[in-house]
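> A structural model of the following input is requested.
(chains A and B)
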Amino acid sequence: MSDIKVKTAPVLGVDGRSAGHLLEIDNLHVEFRTRDGIAKVINGVSYHVDAGETLAVLGESGSGKSVTAQTIMGILDTPPGFVTDGAIRFRGKDLLTMGKDERRLVRGEGIAMVFQDALSALNPVFTVGFQIAELFRKRRGMSRADGYKRAAELLDLVKIPAASARLRDFPHQFSGGMRQRVMIAMALALDPEVLIADEPTTALDVTVQAQIMDLLAEIRRDRNMGMILITHDLGVVADVADRIAVMYAGRIVEQADVHALYGKPCHPYTLALLDSLPRLDLKGQELNTIKGLPPNLLRIPSGCAFHPRCRMARDICSAERPALVELGGVRSSACHFAEELYGRE
Amino acid sequence: MSSPEVATATAEAAVAPVTPAPAEPPRKDKPRSLWTDAWYELRRKPLFVISAIMITIFVLMAAFPWLFTSVSPTEADLNRSLTPPDFGAWFQFGKGGQFGYDLQGADVYARTIYGARASIVVGLSAVIGNMLLGGFFGILSGYLGGWTDALLARFGDIFLGLPFVLGALVILSTFAPVQSSPSAFRITSLVIVTFITLGWPSFARIMRAAVLSTKQLDFVHAAQALGARPGRIILRHVLPNAVAPMVVVGTITLGAYIGAEATLSFLGVGLREPVVSWGIMIGEARQLMEAAPYMMAFPAAFLAIAVLSFVMLGDAVRDALDPKLR
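Modelled structure (predicted):
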């Protein structure tokens, strides 16, 4: 690895807040103003990530995990999306209130993002080398030749064979896995401190998925980056993540250390998700599923949004929304029966 | 790169078979970007090859008419008035009269050759102007959206609401009344400006639609996420991926504009003396249809072939640039 870069700068709040986290999302609210009404896509999400740590954000489609990422990157389409409340602090500074130009410079250098479908996330009319080199030319003031040289190094870093020869190829000439590597190389180009990977392996087949996840894990470790891994795939996160935040209907329902979460899920939704995984020892039986559909965000159920689908639901669940309560230090769960679940053997 | 973690072990195992794979596929004439792909497609199309050859000839005619005739188109000798075509002269360069002589005794062949210049200049300039102006406003309204879009759309509708020929008649007869005789440069630019004034909203609409669909694509978001400025996003990411539909319409419109230029010249409000144009020639020939039908036949044939060539080229380009038709 030629490109090891460990960032040790202290993370201190500028406004006198406690020395915060590298990236901290605080009580974020986002709504989509559509013709049919206001869809509350994110309803008070808070999570954080520190250098060298991987946070996995887990949830079904429509749970708001990708919208959170888009809001962090500032690529939320407005309209229809509007941030109505909350803060996103990067190194203690709120991205949502800072100036346009200041925020633009955070993108790519502070926080970068890997998209789900690399084919559509790369410009089809330029060669891969040109696109990466352009980044260096514009943001680092490098010459064309130097830019291409750095681009080749990057492609090499993400283990693309014959890197310098492939600079002249267009995105569609790469295979799915190689293309995702290009995407990762591009996100890494400006040495970001936080990398957001939005379902980076969904478009890939299983063996390639593993390669990409391991590549991401390796790069995160080598560069001591913070990583937010957004996924709906429970299998993908188990090996890579340090902590997991489970989202449902725009809220975090459970947050815990990866081993704790898999060992003893403390929210019925997490429990149901883990139950729905296919298991070898139950071969031949019908798969467990979560009954019903994710809620319509225009009409989120009263109380706990999960109660219509919950096996443990009682009267209180439809009446009162459970708060995210801490259980034994680092983990938290938003369920009326969280303590009960936590206390079980 | 050694690490005790299990995850890395599987990483190494999984990546290992990929690394040594020689990445040397046969890519001698592998199609590449949209444009090289389109070129690859075009070269094998007879429709394109024929129209391209015809257009090359017309462009040569417009740029270097003296390659085709050594006779001046404006030199008139009343002694030769209405002399019919001399078919014996067709293979003798420098001898006039191949297509006969008009009422004033000017060489019809030379005038037909020189007439290509007006058509090509007007058609090409009008289309390029339309693309620049319409493209600019189309990008603006598509990318910015909101009230900019609404305002530009309504503004464009004013021009789009006018029927083309009526609108052109009104503009041209106002700024260059039928009886007046403006200079060649003035009247040519006036016709071009008229075409652009009436044509840009259609181009803007096409561009706007293409920009709307392009700006939602992931790579535009990816560029934003890497901190690219709006100007760079538009020039590098939106424009190159949204320009194809406008190029197609532009090529087809070029043929239509050549026809429209001839129409307006025929009606007496478009190009007029001293400009030499097919439309003017057809207009003059109209009154002498029975006495000298050749005066009509040759410029009309050239006009028809030129329009047809550009429409055919437009069709071929559309087929090549639209992947769905492949």
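> isn't A:M113 right next to A:L188, touching?
No - with contacts counted by CB atoms under 8 Å, A:M113 stays clear of A:L188, the gap being 11.1 Å. C-beta: built from backbone N, CA, C; applies to glycine.
> between these two, who's got more neighbours?
A:M113 (29 against 21; other CB atoms under 10 Å in any protein chain shown).
> spatially central residue in chain A, please.
Chain A has A:I230 as the residue nearest its centroid, 3.2 Å off, counting by CA atoms, centre = their mean.
> okay, and the beta partners of that residue?
A:V57, A:D198 (DSSP bridges).
> quick check: it vs A:A165, distance?
33 Å (CB to CB, to the nearest Å).
> need the residues of the stretch 151-300 of chain B near chain A, please.
B:216-219, B:221-229, B:232, B:236-237, B:240-241 (CB under 8 Å from any CB of the partner chain).
> can you rerun that using 6 Å?
B:217-219, B:221-222, B:224-227, B:237, B:240-241 (CB under 6 Å from any CB of the partner chain).
> any chance of those in JSON lines with secondary structure, pLDDT and neighbour count as columns?
Formatted as JSON lines, those follow (DSSP: H, G, I helix; E, B strand; the rest coil; pLDDT from 0 to 100; neighbours: other CB atoms under 10 Å in any protein chain shown):
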{"residue": "B:L217", "secondary structure": "coil", "pLDDT": "86", "neighbour count": "17"}
{"residue": "B:D218", "secondary structure": "helix", "pLDDT": "85", "neighbour count": "20"}
{"residue": "B:F219", "secondary structure": "helix", "pLDDT": "88", "neighbour count": "26"}
{"residue": "B:H221", "secondary structure": "helix", "pLDDT": "88", "neighbour count": "22"}
{"residue": "B:A222", "secondary structure": "helix", "pLDDT": "87", "neighbour count": "26"}
{"residue": "B:Q224", "secondary structure": "helix", "pLDDT": "86", "neighbour count": "22"}
{"residue": "B:A225", "secondary structure": "helix", "pLDDT": "85", "neighbour count": "27"}
{"residue": "B:L226", "secondary structure": "coil", "pLDDT": "86", "neighbour count": "24"}
{"residue": "B:G227", "secondary structure": "coil", "pLDDT": "82", "neighbour count": "24"}
{"residue": "B:H237", "secondary structure": "helix", "pLDDT": "88", "neighbour count": "25"}
{"residue": "B:P240", "secondary structure": "helix", "pLDDT": "85", "neighbour count": "17"}
{"residue": "B:N241", "secondary structure": "helix", "pLDDT": "85", "neighbour count": "21"}
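> turn those residues into a markdown table, including distance to A:L76.
Shown next, in a markdown table, are these (distance: CB to CB, whole Å):
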| residue | distance to A:L76 |
| --- | --- |
| B:L217 | 16 |
| B:D218 | 14 |
| B:F219 | 17 |
| B:H221 | 10 |
| B:A222 | 14 |
| B:Q224 | 10 |
| B:A225 | 11 |
| B:L226 | 16 |
| B:G227 | 16 |
| B:H237 | 18 |
| B:P240 | 25 |
| B:N241 | 22 |
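> so which residues of the stretch 1-150 of chain A form strands?
Applying DSSP state E, counting those that start in this stretch to the stretch 1-150 of chain A gives strands spanning A:23-34, A:37-49, A:54-58, A:81-90, A:93-94, A:111-114.
> looking at those, which is closest to A:E326?
Set against A:E326 and scored by CB to CB, the strands of the stretch 1-150 of chain A come closest in strand A:37-49, at 12.5 Å.
> who does the closest one pair up with?
strand A:23-34 (antiparallel).
> quick one: average pLDDT of the strand it pairs with?
Taken as a whole, strand A:23-34 has an average pLDDT of 87.
> quick one, what contacts A:I38?
A:E31 (CB atoms under 6 Å, 6 or more residues apart in numbering or on different chains).
> the residue nearest to the centre of chain A reaches A:V57, doesn't it?
Yes - with contact defined as CB atoms under 6 Å, A:I230 reaches A:V57; the gap is 4.8 Å.
> in CSV, list the strands of the stretch 1-150 of chain A along with distance to B:S180.
Output for those, formatted as CSV (distance: least, CB to CB, whole Å):
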stretch, distance to B:S180
strand A:23-34, 57
strand A:37-49, 62
strand A:54-58, 73
strand A:81-90, 58
strand A:93-94, 67
strand A:111-114, 63
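> and whatever residue of the stretch 101-250 of chain A ends up closest to chain B, how many neighbours?
Of the stretch 101-250 of chain A, the residue with the smallest distance to chain B, taken as CB to the nearest CB, is A:D214 at 2.8 Å. Other residues near A:D214 come to 22 when the count uses other CB under 10 Å.
> over to B:L151?
B:L151, neighbours per other CB under 10 Å, totals 11.
> what parts of the stretch 1-150 of chain A come near chain B?
A:73, A:75, A:104, A:107-108, A:113, A:115, A:120-123, A:125.
> what do you get if the cut-off is 7 Å, keeping everything else the same?
For the stretch 1-150 of chain A, the contact set with chain B under CB under 7 Å from any CB of the partner chain comprises A:1, A:73, A:75, A:104-105, A:107-109, A:112-113, A:115, A:117, A:120-125, A:135.
> just the helices from chain A, written as ranges.
Secondary structure of chain A (DSSP state H): helices located at A:65-73, A:100-109, A:118-121, A:128-140, A:144-157, A:163-166, A:176-188, A:206-223, A:234-240, A:258-263, A:268-275, A:315-319, A:338-343.
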